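Peer 1: Sequence below, structure please.
(one chain, ligands or ions: 2)
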Amino acid sequence: MNRKLSTINGDLSKTDQSTVHFYIESKELETQSTLVFFEIGEEKFKGQCFYWQNKDKDFTLVGLGHAYTIKSNDADARYEDVEKAWKHLIHSTSLKGIKQQPILFGSFTFDPKKGVSDEWANFSHANFALAKHQLVESNGRFYMNTHLVSEEVITDEDIELAREEREALLEQAKGRTLKTYIKPHVVLTEEPYKEEYLQSITQVTNQIKAKQADKVVIARSLALTFDEEVNTSNLLAQLSEEQPESYLFAQEQGQDLFLGATPERLVFVNHKKAYSSCVAGSIRRGATVQEDEEFGRILLNDTKNLQEHQYVVDMISNSFKETCEQYTLPNHPDLLKIRDIQHLHTPIEGILKEDATILQMVEKLHPTPALGGSPREVAMEMIRQYEPMNRGVYAAPIGWLNADGDGEFAVAIRSALLQDKKAYLYAGGGIVEDSEPQSEYEETLVKFRPMLRTLGGKLNDE
Ligand SMILES: C=C(O[C@@H]1C=C(C(=O)O)C=C[C@H]1O)C(=O)O
Ligand SMILES: [Mg+2]
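Peer 2: Ligands and ions are numbered 1, 2, ... in the order given. The predicted model follows:
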């Protein structure tokens, strides 16, 4: 079991921050189901587990337990706070020769200035963690890291205990298969803001016609109540099966779990290359191949949807212009098809300027007009005014970064927050001059579907 072991232990004192001792051990494994590993974590590390899988399915990250957390509720400095704390930690040790780097995973909330606290009370505006036990599957290879972070010197005994814990986890995972999925039983389905939502579309459309803004994304939520608390790791496995084309994410926070399957990349940084995608403009999937292609053609030629899309392309291009030495994007959108819906999609890529970081990119990009609107600040004010709910982490950046500056963040849509016997689902859409309340409402129904199906809920649109 101990083959290919690499160990690093380093300390560093800084004048401006406390001393941290950071111990990393990394070893390669033969194989390990990431979902089984996540499932096992629930028994021992409930409240401190996370899961991330990219869209291409060649990178999966699972964390069990928190070795180190970084949180910030400073509305203006939250990105910088995370950057500083992460750099402080990784500079406290040498990562030379380590098989797999330590990875910081977490999320930001959509709008720290919203000031409504409800189901999101447990989530900080920046909420990051380095796992104690980190499993990475990267291009078919598996790496298990153990991380210890402490203000006190890390002893041999601490290390031995952590190793034992790791081996016990791996032993438990051996030969185990995922639990059979049983759909939870929904006893109540509520659309709490339906009327307010429909009204807000009319109001926002009027404001847009009066040239107060170009585009504003308005969202709403659904609340499901179950007859018992829902088993979370099970849900994730089910979601993974249902949404093979999407990013998969799950973040536990105390008793709560935020999870989802999103098709939308915010930014991916790999060796100084940055990639983003503009995803906005929607139509449903057809029942037959022919109908599906016909819907696709309609979407590609629809003025209202093209307009929704263009604001996103313009804004993301501008961000790339500022942060990149050069960047490219196609002239026309193509179609991004996922199980229930198709979107207009324009990928964009560039080469980052020397000192640009992924967190700076996230700060610059969030929220794009795919989730906020255009102009950004006017749209944010309208969202604060017209949405009677708090988005929390819905529609916000979720993802990871490592010590080299690489990382990826997705936009946390098609998601739900699970709390006790309840699930809150969120969906929205881009409102432009030609938006109509009923068709926007229907668009949100389609966007609710993946999470709704996974959770065993139903609305009368199917
Ligand atoms: C806001 C959501 O989705 C966004 C809005 C879209 C639209 O209005 O066409 C399409 C994709 C997403 O950028 C959501 O899924 O909740
Ligand atoms: Mg739309």
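Peer 1: Can you tell me which helix or strand of this structure has the lowest average pLDDT?
Peer 2: Every helix and strand in the chain was compared by mean pLDDT, DSSP states H and E; the lowest is strand 5-12, with a mean of 39.
Peer 1: continuing past that strand, what's the next helix or strand?
Peer 2: strand 20-29 (DSSP states H and E).
Peer 1: Mind splitting this structure into its structural domains?
Peer 2: 5-173, 186-454 (automatic domain parsing).
Peer 1: Can you tell me which of the ones you listed is nearest to residue 179?
Peer 2: domain 186-454 (5.6 Å; C-beta to C-beta). Backbone N, C-alpha and C define where each C-beta goes, glycine included.
Peer 1: That closest one near ligand 1 at all?
Peer 2: Yes - using C-beta under 6 Å from any ligand atom, we find that domain 186-454 touches ligand 1 at 217, 219, 264, 279-282, 308, 343, 370-371, 395, 413-414, 427-430, 447.
Peer 1: In contact with residue 125, which residues?
Peer 2: 72-75, 78, 108-109, 112 (C-beta atoms under 8 Å, 6 or more residues apart in numbering).
Peer 1: Comparing the domains of the chain by mean pLDDT, which bottoms out?
Peer 2: Here the lowest mean pLDDT among the domains of the chain goes to domain 5-173, at a mean of 90.
Peer 1: Separate out the buried members of the contacts of residue 125.
Peer 2: The neighbour count (16 or more other C-beta atoms under 10 Å) marks 72, 78, 108-109, 112 as buried among these.
Peer 1: of all the residues you listed, which two lie farthest apart?
Peer 2: 72 and 109 (10.5 Å).
Peer 1: Buried residues, the longest helix anywhere in the chain. List them.
Peer 2: Longest helix in the chain, counting residues (DSSP state H): helix 303-323. Of all the residues in helix 303-323, those buried under the rule 16+ other C-beta under 10 Å are 305-313, 315-317, 319-320, 323.
Peer 1: and of those residues, the nearest to ligand 1?
Peer 2: Nearest to ligand 1 among the buried residues of helix 303-323 is residue 308, at 5.7 Å by C-beta to the nearest ligand atom.
Peer 1: give me every residue that touches whatever residue of the stretch 301-450 of the chain ends up closest to ligand 2.
Peer 2: Nearest residue of the stretch 301-450 of the chain to ligand 2: residue 429, at 3.9 Å (C-beta to the ion). Residues in contact with residue 429 (C-beta under 8 Å, 6+ apart) are 217-219, 282, 435, 440, 443-444, 447.
Peer 1: quick one: what helix or strand has it in it?
Peer 2: Per DSSP H and E: strand 422-431 holds residue 429.
Peer 1: Next: residue 82.
Peer 2: helix 78-90.
Peer 1: Tell me the neighbouring strands of the following helix or strand past that helix, and mark each as parallel or antiparallel.
Peer 2: With elements assigned by DSSP H and E, the helix or strand that comes after helix 78-90 is strand 104-108. Applying DSSP bridges to the sheet, strand 104-108 is found paired with strand 126-138 (antiparallel), strand 397-401 (antiparallel).
Peer 1: just to revisit the earlier point, who touches both of residue 72 and residue 109?
Peer 2: 124-126.
Peer 1: those helices in the stretch 301-450 of the chain, which residues are they?
Peer 2: 303-323, 358-365, 376-386, 437-454 (DSSP state H, counting those that start in this stretch).
Peer 1: between these, which one is nearest to residue 190?
Peer 2: helix 437-454 (12.5 Å).
Peer 1: helices or strands up against that closest one?
Peer 2: When contacts are defined as 3 or more C-beta pairs under 8 Å, 6 or more residues apart in numbering; DSSP states H and E, helix 437-454 packs onto helix 194-209, strand 215-226, helix 232-242, strand 256-262, strand 273-284, strand 341-352, strand 422-431.
Peer 1: Out of those, which gets nearest to residue 409?
Peer 2: Across the helices and strands packed on helix 437-454, closest to residue 409 is strand 273-284 (C-beta to C-beta), at 9.5 Å.
Peer 1: who are the neighbours in contact with the closest residue to residue 286 other than its chain neighbours?
Peer 2: For residue 286, ignoring the flanking residues on the chain, the nearest one in space by C-beta to C-beta, 6 or more residues apart in numbering is residue 292 at 3.3 Å. Contacts for residue 292 (C-beta under 8 Å, 6+ apart) come out as 285-286, 337, 342.
Peer 1: Residue 329 too?
Peer 2: 313, 317, 346-349.
Peer 1: same question, residue 379
Peer 2: Per C-beta under 8 Å, 6+ apart, neighbours of residue 379: 213, 215-217, 369, 372-373.
Peer 1: Same question for residue 41.
Peer 2: 48-49, 62, 64-65, 133, 169, 233.
Peer 1: give the contact list for the nearest residue to residue 426 once chain neighbours are set aside.
Peer 2: Using C-beta to C-beta, 6+ apart and skipping residues adjacent in sequence, the residue nearest residue 426 is residue 394, 3.9 Å away. By C-beta under 8 Å, 6+ apart, residue 394 lies in contact with 110, 219, 412-413, 415, 417, 426.
Peer 1: Ok, residue 260 next?
Peer 2: 239, 248-249, 412-416, 451.
Peer 1: Mind listing the residues bridging to the most centrally placed residue in the chain?
Peer 2: In the chain, the C-alpha nearest the mean C-alpha coordinate belongs to residue 398, at 3.1 Å (C-alpha atoms, centre = their mean). Taking DSSP bridges, one finds residue 107, residue 410 as the beta-bridge partners of residue 398.
Peer 1: Kindly provide the distance from it to residue 449.
Peer 2: 20 Å (C-beta to C-beta, to the nearest Å).
Peer 1: Which residue would be the closest one in the stretch 101-250 of the chain to ligand 2?
Peer 2: residue 217 (8.4 Å).
Peer 1: Would you mind naming the residues that bridge with that residue?
Peer 2: residue 430.
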